[in-house]
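Novice: No letters, just coordinates:
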């Protein structure tokens, strides 16, 4: 009987991040962008708006909203504040 070694991708990635600090930094940056993406998308969908409608409400180009939501933008705090202020919400930060 042949024994096969299997490893989950998440385990492999954690091992690689420990061995490569640059990969770890890159992954952290990408995770933050995805956090912003999910937060903006959840805000927009909670308001039952399309990207185009949401963009008009927050006075930003629809292309910017799309880039944020698909993780291809790293919005500034100023941009996020402008977005939440336009829909009468509050931006909350926490340090963990």
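Specialist: Sure thing, it's come through. Keep in mind that what you see is a predicted model, and the values were worked out from it rather than measured.
Novice: buried stuff in the helix-or-strand element of the chain with minimal mean pLDDT?
Specialist: For the chain, counting by mean pLDDT, DSSP states H and E, helix 9-19 ranks last in confidence among helices and strands (a mean of 84). Buried residues in helix 9-19, defined by neighbour count with 16 or more other Cβ atoms under 10 Å: residue 17. Placement of C-beta: from N, CA and C, glycine included.
Novice: packing partners for it?
Specialist: Applying 3 or more Cβ pairs under 8 Å, 6 or more residues apart in numbering; DSSP states H and E, one finds that helix 9-19 contacts helix 21-46.
Novice: relative to helix 21-46, how tilted is the helix or strand just after the helix it packs on?
Specialist: Going down the chain from helix 21-46, the next helix or strand is helix 51-58, by DSSP states H and E. Going by axes from the mean of the first three to the mean of the last three Cα atoms, to 10 degrees, helix 51-58 is angled at 90 degrees with respect to helix 21-46.
Novice: from the chain's centre, how far out does the least confident helix or strand of the chain sit?
Specialist: Relative to the chain's own centre, helix 9-19 is displaced by 21 Å; criterion: Cα atoms, centre = their mean, to the nearest Å.
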